[in-house]
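Asker: turn this into a structure:
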Amino acid sequence: MNQASFYHAPSRLAATVFSLIVLSPSLTGQQRLSESTGVNLFNTNCTGCHGERPVEHAPSGSAIKTMTPEHIYEVITTGPMKNMAAQLSEDEKRLLAEYMGGRKLDKSDAGDAKNMPNVCATHPPVKDLAAPSWNGWSDLSNTRFQTAPAAGLTAGQASRLKLKWAFGFPGATALYGQTVVDGRVFVSSNAGYVYSLDAETGCIHWSFHSNAVVRSGITVGQMESGSSKIAAFFGDIHGNAYALDASNGELLWKSSIDSHPLARVAANPRLYQGRLYFSLASLEEDESRTPNHICCTFRGVVAALDAATGHQIWKTYTIPESPKFIKKNSLGLDYMGPSGSGVWTTPIVDTKRRALYFGTGNSFSEPAITSDSLMAVNMDTGKILWWKQARANDIWHGGCAQTVPGRAAPAGMGPGRGNQPPYPKENCVEKTGPDWDYAASPNLATMPDGKTVIIASPKQAVVRALDPDKKGETIWEQDVARGIGGGAGEIVFGGAVDDHYVYYGLQLGNGLVALRLSDGVEQWFTPLKTPEAMAQHRGVVAAVSVIPGVLFSGGMDGMLRAVSTGNGQPIWEFDTAKEFSTVNGVTARGGSIGAGGPIIANGMVFVGSGYVGFQNGVPGNVMLAFAPSFSVK
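Answerer: Next up is the predicted model:
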């Protein structure tokens, strides 16, 4: 379907667009809305013309999603839809265009490097992959541990960190992670740009405008063994993989990993021996709240691509069985299953056992076969080796009422999540699950006795050490939740490990915790003090990071903290939820810290401030770089 088709869609489209907006909840303060805001609006109101079987000349919703938000916005503001959309406010038109287009509007190319005042004077090529770095999620074992030489930072120096520079992202409200390689910082936001910045000064080398938001982190490495061509690899929220020339930002290739219209790359790709390993999740979990959506057809995916070309080598679904018809709902639409088990986590690459390990999400419809599981696949063939389910029958999606058995909800929260009628009950199972899936990327660690273990925790916050040689058999487990509720997520993006301890940040528990690696015994817990101005945004959802002697974390309250790994005592903190003067002259303000959290390399600490996600975070649009002995700007 070409973009011109959208110009000739029946006038009924405008009517459905109008009802989509005016009948939806108030959009005032839309910057604070969840990452899933708008995900069900188009299906709820527009599927009569633009659903699975669109009327003549009307593009399907998935076809419209291939268009840029600028094009969609033009159609409803100055194009054929102008008159029918005349009663929409500017914010409402932007929301519609940005949701369907997959990223923020950028009509004036404000985010383009050519319009930035701080372009670097020179652009030396990226070539030294052995330089101190933090590449993607971290090492192949997902430890999120930086050695002393690579960190270039001691505990004493950490206590004297000062802001060195800040970089603002025009139009962004969320940042997802950053990579440091050969003196460059590679970073993306929900504004749709990928940047390469100088790590020391924040000057800009290049920008790349992606078709859709790059929510994944960025991995940098050789296109193929022995090649001098270094690429930056990542994925977008429309299920595409990209390779850019790391030196100049030129697009080398783009490849579709999965054709499902709601598939998205949410985790860092892995690069090893010329192969890229991508994992895919989906927003079908939220889209299924509308009765006009066929529930449910998405299955989680892990795929291997040739790093030099983007060609697919193998692709494995986390649910081997294809979805089949189960029944009709009250609106006459199919209800299908099995579905779900998306992969939000960055896979571990176990080079010794030639295996990938990753966590899966909850099921959307029955049966719940591989949901909430730690799964292993052969890295050469994609064959599923084993899976270990943390919780059976966790079947839930956004249209179902949710109960969380066994724990009381925190003050101010209801008994569970879900939505109100008129969503058809028959789109949900009678007893729904608590959505306690694996959101946190697992870690591969070596115990003091030399044994290799996988450390993993679902959102329930029950940390387990699993044996990769015995199909995920549990060696030890420890419940680290603080007894104040579940379901919304205690452990979200992930922990870190060193030679002695396992570290996590807790969302509802609003603290940091360390467990002994050898047996899981809790060593310390540090409760966090939330600034009054951010009292509604407690806890830690971002992944934590560790260097010898220091644990770094970023909070939903915008606080960047460093504590002692020995006893959890505070070493240093910095409030990022405020306005900053930026090296590129962009008005910028910090908010919640989420996703990839802080990273450390070559004597500096980097963090993006601004995260909305599914946890009602505070938006922001700033990247911050810290080093000892510099004055706050």
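
Asker: okay, now the unreliable bits of the chain?
Answerer: 1-63, 65-66, 84-85, 87, 402-424, 483-489, 630-633 (pLDDT under 70).

Asker: let me know the outermost residue of it.
Answerer: residue 83 (37.6 Å; C-alpha atoms, centre = their mean).

Asker: can you name the residues in contact with stretch 223-234?
Answerer: The contact list for stretch 223-234, computed with C-beta atoms under 8 Å, 6 or more residues apart in numbering, reads 125-127, 129, 179, 186, 188, 194, 196, 214, 216-222, 241-247, 252, 265, 269, 271, 273-274, 276, 307-308. Placement of C-beta: from N, CA and C, glycine included.

Asker: again, 7 Å this time
Answerer: Here stretch 223-234 makes contact (C-beta atoms under 7 Å, 6 or more residues apart in numbering) with 126-127, 186, 188, 194, 214, 216, 218-222, 242-247, 252, 269, 271, 273-274, 276, 307-308.

Asker: buried sites along that stretch?
Answerer: 223, 229, 230, 231, 232, 233, 234 (16 or more other C-beta atoms under 10 Å).

Asker: rewinding a little: quick one: secondary structure of the residue farthest from the centre of the chain?
Answerer: coil (DSSP: H, G, I helix; E, B strand; the rest coil).

Asker: quick check: it vs residue 72, distance?
Answerer: Distance from residue 83 to residue 72, counting by C-beta to C-beta, to the nearest Å: 16 Å.

Asker: closest to residue 561 out of the buried residues of stretch 223-234?
Answerer: Distance to residue 561 across the buried residues of stretch 223-234 (C-beta to C-beta) is lowest for residue 234, with 27.8 Å.

Asker: isn't there a strand covering that closest one?
Answerer: Yes - under three-state DSSP, residue 234 falls within a strand.

Asker: ok, now which ones touch the nearest residue in space to it that is not next to it in sequence?
Answerer: Spatial nearest neighbour of residue 234, chain neighbours left out: residue 218 (4.7 Å); criterion: C-beta to C-beta, 6 or more residues apart in numbering. Contacts for residue 218 (C-beta under 7 Å, 6+ apart) come out as 136, 179, 186, 188, 194, 232, 234.

Asker: picking that back up, residues in contact with the residue farthest from the centre of the chain?
Answerer: By C-beta under 7 Å, 6+ apart, no residues touch residue 83.

Asker: ok, now residue 428?
Answerer: So residue 428 contacts 399, 400 (C-beta under 7 Å, 6+ apart).

Asker: over to residue 462?
Answerer: 477, 479.

Asker: that one bridge partners, please.
Answerer: Applying DSSP bridges to residue 462 gives these bridge partners: residue 479.

Asker: from residue 477, how far out is it?
Answerer: Taking C-beta to C-beta, one finds residue 462 at 6 Å from residue 477.

Asker: residue 142 too?
Answerer: Taking C-beta to C-beta, one finds residue 142 at 19 Å from residue 477.

Asker: residue 99 now?
Answerer: Residue 99 is 40 Å from residue 477, by C-beta to C-beta.

Asker: neighbour count: these two, which is higher?
Answerer: The neighbour count for residue 99 versus residue 477, taken as other C-beta atoms under 10 Å, is higher for residue 99 (20 against 13).

Asker: next, the more buried one: secondary structure please.
Answerer: Residue 99 ends up helix, using three-state DSSP.

Asker: can you give me the distance of it to residue 197?
Answerer: 29 Å.

Asker: what ranges do the strands span in the stretch 201-350 of the chain?
Answerer: Residue ranges of the strands in the stretch 201-350 of the chain, as given by DSSP state E, counting those that start in this stretch, are 204-209, 219-222, 230-235, 240-245, 251-256, 263-264, 270-272, 275-282, 301-306, 312-317, 324-328, 334-337, 339-340, 348-350.
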